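In: Need coordinates for the following:
(one chain, ligands or ions: 2)
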Amino acid sequence: MASNCSLPFVYISGEEVRRLVGMAELIEEMARGLRWVSERDEGGVVQPVRTVVRVDKYCGNLGLMPAYSSKSDSLGAKLVTFYPHQIEGVPSHQAIVIVLDPRTGTLQAIVDGVEITNMRTAAASACAARALLQQAPRVLCIVGSGVQARSHAEALRIHHSFSEVRIWGRSAASAQRCADEVRAKVSLSLPDALRDADVVVAVTLATEPLIRGEWLKTGAVVISVGACHSDWRELDDDVMLNSLVTVDSCDAAMKESGDIIQSGVSPSNSQRPNCVSCRQRYLQKLEK
Ligand SMILES: NC(=O)C1=CN([C@@H]2O[C@H](COP(=O)(O)OP(=O)(O)OC[C@H]3O[C@@H](n4cnc5c(N)ncnc54)[C@H](O)[C@@H]3O)[C@@H](O)[C@H]2O)C=CC1
Ligand SMILES: O=C([O-])C1=[NH+]CCC1
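Out: Residues are numbered from 1 along each chain as shown. Ligands and ions are numbered 1, 2, ... in the order given. As a prediction, the model looks like this:
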């Protein structure tokens, strides 16, 4: 662990995070954490919907994400910035995590949050895929070719053996680089990339719908990771209105998910089962 002896807390770098945490074990930790969150009061997690400070002058966002878990007795917060129009060479998402002693509130560690964000997001998606897939998937399609595309290619392969992994990116060169890194195939057209895919991961910074319902296989599991801002979209209304929509937090989804807010799908007006009605099934599957 990288620590500075003159400081009363440790600093843990991204490299150290990567060395200390494996994706397979993180997926199990995420499943445990998601179960606690879904159990509400019984789960003992206090996690308000994050506050997002808009930095409109620079088209940026700062998210403040505090949480306490009584079951793991852990207290901390993540600070994350997301700047969709980032300048070349600067990551679009940057973060730090602070870990506090829950008994006293004393700072124990500052952890680089970039690697945690990359890994945790993909681990949560892997839990969702495991819980929601009805049968063994064959084709994975990743829409986007950035940091999350890479971590999702790793995480989703932990529990599923895909015979084909496809990457689509709006820049063919970036999609090719990503595909080479994660041993996948590039698709130059999005409809071709989506054709017959059993699992679709949407990990772009798009602000308009990219993925159309008519391009999806019936029964596909679509994991919506981008569009985490009320103004952003990745999925069209056809996808949203003809799907069973499952979310980790209704409150957060109703505040932050552009696809849910703008399509009008909500826990109160959805014609389809939503997170409340599938919660039990989801919890049971997370137990697996
Ligand atoms: N739900 C969550 O907990 C998290 C969500 N995210 C979101 O996931 C998405 C991907 O994040 P990263 O991979 O870290 O970002 P990144 O900056 O590494 O990659 C973004 C990708 O989106 C593509 N892109 C940008 N605009 C596009 C457009 N209009 N159409 C198609 N593709 C476009 C870029 O070419 C790039 O391939 C972002 O929306 C991010 O905010 C990221 C971390 C956590
Ligand atoms: O949870 C997270 O780290 C993020 N959500 C949206 C962008 C980054």
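In: Flag every buried residue along stretch 68-75.
Out: Across stretch 68-75, burial judged by 16 or more other Cβ atoms under 10 Å covers 68, 69, 74, 75. Every residue, glycine included, has its C-beta placed from N, CA and C.
In: er, stretch 201-211 I mean
Out: Judged by neighbour count (16+ other Cβ under 10 Å), stretch 201-211 contains these buried residues: 201, 202, 203, 204, 205, 206, 209, 210, 211.
In: what's the closest residue to ligand 1 within the stretch 51-200 of the chain in contact with, if anything?
Out: Closest residue of the stretch 51-200 of the chain to ligand 1, Cβ to the nearest ligand atom: residue 146 (1.9 Å). The contact partners of residue 146, by Cβ atoms under 8 Å, 6 or more residues apart in numbering, come to 92, 174, 178, 203, 204, 205.
In: May I see those organised as CSV, with pLDDT and secondary structure added?
Out: Output for the contacts of residue 146, formatted as CSV (pLDDT from 0 to 100; DSSP: H, G, I helix; E, B strand; the rest coil):
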residue, pLDDT, secondary structure
92, 96, coil
174, 97, helix
178, 98, helix
203, 98, coil
204, 98, coil
205, 97, coil
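In: What about ligand 1: which of the residues you listed touch it?
Out: Among those, the residues lying close to ligand 1 (Cβ under 6 Å from any ligand atom) are 92, 174, 203, 204, 205.
In: Adding distance to residue 258, write these out as TSV.
Out: Shown next, in TSV, are the ones next to ligand 1 among the contacts of residue 146 (distance: Cβ to Cβ, whole Å):
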residue	distance to residue 258
92	17
174	23
203	15
204	12
205	12
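In: I'd like those residues laid out as CSV, including distance to ligand 2.
Out: Shown next, in CSV, are those (distance: Cβ to the nearest ligand atom, whole Å):
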residue, distance to ligand 2
92, 9
174, 19
203, 11
204, 12
205, 10
